[in-house]
Structures are given as C-alpha cells and as structure tokens.
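Colleague: make a model of this:
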Amino acid sequence: MEKAWWHKSTIYQIYPRSFNDTNRDGIGDIPGIIEKLDYLNLLGIDIIWLSPVYQSPNDDNGYDISNYYEIMPDFGTMEDMETLIEEAKKRDIHIMMDLVINHTSDEHPWFKESRKSKDNPYRDYYIWRESGDGPPSDIQSVFSGSAWEWDEQTGEYYFHLFSKKQPDLNLHNPDVREHLYKMMNFWLAKGVSGFRMDVIDLIGKEIDEKVLTDGPNLHHYLREMNEKVLSQYSTVTVGETPSATPETAQLYTGKGRNELDMVFTFQHMSLDEQAGEGKWALKELNFVELKKVLSEWQTSLFQKGWNSLYWNNHDQPRIVSRWGNDQEYRKESAKMLATVLHMMQGTPFVYQGEEIGMTNSNWDDITQYRDIETINYFHEKKAEGVPESEIMKSIRTKGRDNARTPFQWNDETHGGFTEGNPWIEVNSNFSEINAEQALKDQDSIFYHYQKLIVLRKQLDLLVYGEYELLLEDHPEIMAYTRKWDDQTLLVVANFYGNHPDFHLPVNVDDSNAEVIISNYSDTSERPSDINTLRPYEAIVYLLEK
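Modeller: Next up, the predicted model:
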C-alpha cells in the first residue's frame, strides 16, 4: 500500500467548549487548547481534530455555522486560531478542522438572503418547496419532528434535517460548491492539515425522491472537492458517514478514487440499540456481532481503503461506561478497550478524556442537560406518555452530553476546567478521575494510551499488517492476529468481568514471543501458557519467526 504521512498518526478530538477555559466565562476556548498542547504532546498524539470553532449562534453547539471565516467569540479570535496552528506545528501536531457543509445556521447571510423572496439570487442555495397542505413530505428531522419548516415571509417550506435553525444547503447548485471550496482553501492556506467532514454522506441527497444518504451525485461532488481543494495540499480527511458499509467505504477511500482518506463507520456503534428504532431504544450488546462487524471492516478495507478506529466522540457516550466497567474495573476495562482498538489496522481517534478514563455523567434531571437532541427527545417522549424514568434511562445511557462534560484536569473546583461557572456541570467524580492524578500514576490509563501511540510509530506491522479474527464465536474473548513480513501480533482480550477459558488455535507459534503491552503487571510471557483471562485482561504478544 502507498504510504501516507498520517498512517502512523493518532488523532485526538477536542470539543473546545468543554476542554479548558482561560477567561473564566465557563466556556472552553482556543487559548485553553494552546495552554494544554504540552499535555497532548506528552500523550504523543499527532493530529488534533477540532470540533467547530466558527462563528455560530450555538443552537447545536457550533454545528450551526453563521460565518465560516470568523471564530466564535466564546472561543477567542482568529489571531488565537493562528497562534494555535503555529504552536501546534512547533510540536509536530497538525490541526484537522471540522467541516460542516451539509447545512448552515439560519443566521448565515446566505440564508438571510434566501428567505427574503422566491427570486432572490441566494434562494437556490437552500432547499425550498411549496406545499398547500402541510409539509411537502413526511421526512423527519434527526432532532425530532418534521424536517420541513414553514417560512411565513415567502409562504414556502425550507428543509432542515437537523435543527430548524440548521437549514440544509443545496449542493446541487454549483455556486454553493464553489463558495465552499473557496472556504476550504482559506483554512488550508492558514495551515490546517485537513478536515473531518460532518454528515458528508448527505450532500448528494435528492429530497423529492426521499434519498437522503448516498445520493447519485455524492461521489461526483467528493471527487470535485478533491480535485479543486484537497489535492492541492498534503491533507488528511475523514468523512462522517452513518450510512457507510464496508463495501461503500471502498468508494470513499479506495486507491485512485480521489475522494477521502477514511470514513467513520457507525455499524459498531449501533449494536446496542433496537434495530430500526434509533439510538434511544436500548438493548444489550451482542458481543459476537461486535467482533464480526469490526472484523468485516478490517478485512474489507485491507489494502483497498483505510479504516478509522474509534470508540468515543462528541456524539457518543463514554465507552468505559458503555461497554466497560466504570466502577470496580474502570482502569482495566478502559485499557482493554483501548488495546483492542489501537492494535487494529487504521487510524485511531482518541476523544478528550478517554485517555484518563472519564465516565458518563449519570444525571437524573433533564435540566442538567444541554444537548438539543436530548432535550427534544425528552419532551417528545413525555408528550407520548412514556414514563420519565424510562426516558431518563435512555438519556443517561446514550445522551451526547455524557461526552461533553468538562475535561477533568485536577481535583480543584470544577475539575480545574474553569474558575467561572461551567456551561455544563462537571462530572461529580472529578476528584478521583483527573489528568493530574493520571500523570502521577505510572500505571494509569494515560500512560497505557501513550504506549499504544508509541507502538504505532515503531511497528510497521501495527500500521500495515493483515488482520485475522480468532475465536470468532467466543462469547467473552476478543482475539485476533496482525501479520506483516516475518512478524505476528497476537491480541487476546477479555471483554467482561469474568474468568473465561479459551484455547488458542494450534497454528500460533509462540516459541519466540514477547509481551509488548498488557493491562496486568504479571502477564504470562507465552500465550500457550494461559487458558483463561482475568477480568478485562488484555495482552498483546509480538511473535517473530
């Protein structure tokens, strides 16, 4: 496979509002990120994915952009942004911006013009439809209710797949695309190294045919974007593609396709929800199915595309609370989950706080939540007569605010995040779980992540090796190999708190084995010597021929 500069990289996502506040207004800011660059450098990450910092009225926490060329005052100034790029570069850290081009804010100048009259030059920048008898179709918003909003001024509906303050752009209009490419060039010229592209699989949608994802022009638009923008720079890109399968991912990331470098799959993230019912309809994780899904992505994209590897982001609950054990085995399970993911083929993403084992917030009162999706869901279900206890159980388990509580830096007031009043409550466990404590403990989750990141830089086997799943039907153990030249990595991990028995396939030769990382201090040096694993135990062996 042709090698790229970012293949050995680990990407760290920062949600600026919740990372570090320097001006005491309770909101994280860009100077706060600059202040913590040495912390990130110590962790070893190579690229920061920065959630949106553009000008925004903040209806959806910055994903509703009113000016792509300005910084939201909550976060600082353009000068602060330029300083961040420069200071990160001094530490060999790249910046990946969040690119939101499916929609803008309704306060964007384009939309303000668009809604003035039906013959306004900007009218076709958005999706307008006339309808005499209610919404033009039954398409629903992701954030509850109809995706159509009546606009009194011109007597038509506009389309918004998310909040009604996030009207969808019409990318079938070439002028819209040209404006967006100009904006992307602006940021790349400033020194950012790429983009994470928000819900990018929606940009080719055909509303009248009710085709939302994977529209017929989607890949044409991505190739055009690559030709006019991305190919002019040395970039790294990842597309958020909830609809992607291992097969369609090859269209986005395949060699010679000239589209994106990788995409985010959602298949593994939907395994603990009722099929077709959405994320709030909870069900127990089918672990064997999880192994199958992860493995399909590993094998399907091998030498044909490139995987992104993640458990956490700003839209997902904390993985140690979700599929680990955030009480008795918090450290062990957090390390296990990290090991299983980081030993796979692809580019790992670490979400802020994941490296210190931050947990879900577990709040009981809807007034403690800030996320529009969560609040809309609560009121919609309450109106349907669903018991509040049932609604809150789903929100505590899956709500996006689980990931958005402030970063826990130390055991001081508000976890050291701010000296002001935080925009959202700090998790009450900040006294026990914080970065300062993690840095003092050589056995902490932080140093486990640091070692995983170093191993990726050291071992071509880890970056390019072929994946093979072992023990595929075992109900508790995840085991797989990675092979490259004369080297084999063997990963064995217990996903649960029991002591399961297992027998490795006979074709694993461990006569020359070395433990390269483990989450227990007294791990057996040879895999053939073990036939059981301790709770959440994870071991990685390097086998040389």
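
Colleague: stretch 69-78 spans what distance, first to last residue?
Modeller: Distance between the two ends of stretch 69-78: 9 Å, counting by Cα to Cα, to the nearest Å.

Colleague: and stretch 105-123, by the same measure?
Modeller: Using Cα to Cα, one end of stretch 105-123 lies 15 Å from the other.

Colleague: tell me which residues are up against it.
Modeller: 56-57, 59, 64-67, 104, 125-126, 128, 151, 153-154, 156, 158, 164-167 (Cβ atoms under 8 Å, 6 or more residues apart in numbering). From N, CA and C alone the C-beta is placed, and that goes for glycine too.

Colleague: so where does E380 fall, helix or strand?
Modeller: helix 372-383 (DSSP states H and E).

Colleague: what's downstream of that helix, the next helix or strand?
Modeller: Going down the chain from helix 372-383, the next helix or strand is helix 388-398, by DSSP H and E.

Colleague: show the average pLDDT along that next one.
Modeller: Rounded to a whole number, the mean pLDDT of helix 388-398 is 93.

Colleague: PyMOL command to pick out the buried ones of the contacts of stretch 105-123?
Modeller: To isolate the buried ones among these in PyMOL, judged by 16 or more other Cβ atoms under 10 Å, type:
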select buried, resi 56+59+64+65+66+67+104+125+126+128+154+156+158+164+165+166+167
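
Colleague: before we move on, the earlier item: pull the CA atoms of the helix holding E380 into CSV?
Modeller: The C-alpha trace of helix 372-383 is given here as CSV (Å, rounded to 0.1, in the frame of the first residue of the first chain):
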residue,chain,number,x,y,z
ILE,A,372,-30.8,19.9,21.8
GLU,A,373,-31.2,16.3,20.6
THR,A,374,-31.5,15.1,24.2
ILE,A,375,-33.9,17.8,25.3
ASN,A,376,-36.1,17.3,22.2
TYR,A,377,-36.2,13.6,22.7
PHE,A,378,-37.2,14.0,26.4
HIS,A,379,-40.2,16.3,25.6
GLU,A,380,-41.3,14.3,22.6
LYS,A,381,-41.4,11.0,24.6
LYS,A,382,-43.0,12.8,27.6
ALA,A,383,-45.8,14.0,25.4
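
Colleague: that one to helix 388-398, inter-axis angle?
Modeller: 160 degrees (axes from the mean of the first three to the mean of the last three Cα atoms, to 10 degrees).

Colleague: ok, now which ones touch the residue most central in space within the chain?
Modeller: For the chain, the residue nearest the mean C-alpha position is N313 (3.6 Å; Cα atoms, centre = their mean). Neighbouring residues of N313 by Cβ under 8 Å, 6+ apart: Q13, F264, F349, Y351, A403.

Colleague: and the gap between G76 and G415?
Modeller: 21 Å (Cβ to Cβ, to the nearest Å).

Colleague: between the two, which one's more packed in?
Modeller: The residue with more neighbours, out of G76 and G415, is G415; 25 against 22, by other Cβ atoms under 10 Å.

Colleague: can you list contacts of stretch 523-534?
Modeller: With Cβ under 8 Å, 6+ apart, stretch 523-534 has contacts from 477, 490, 492-494, 499-504, 508, 510, 513-515, 520, 537, 539, 541.

Colleague: from those, list just the buried residues.
Modeller: Of those, these count as buried by 16+ other Cβ under 10 Å: 477, 490, 492-494, 500, 502, 504, 508, 510, 513, 537, 539, 541.

Colleague: list the helices and strands the strand or helix carrying V263 packs on?
Modeller: Assigned by DSSP H and E, V263 belongs to strand 262-264. Using 3 or more Cβ pairs under 8 Å, 6 or more residues apart in numbering; DSSP states H and E, the elements in contact with strand 262-264 are strand 236-240, helix 246-253, strand 308-309.

Colleague: the residue nearest to the centre of the chain: what secondary structure?
Modeller: At N313 the chain is in coil, as set by DSSP: H, G, I helix; E, B strand; the rest coil.

Colleague: quick one: buried residues of stretch 324-334?
Modeller: Across stretch 324-334, burial judged by 16+ other Cβ under 10 Å covers G324, N325, D326, Y329, R330, K331, E332, S333, A334.
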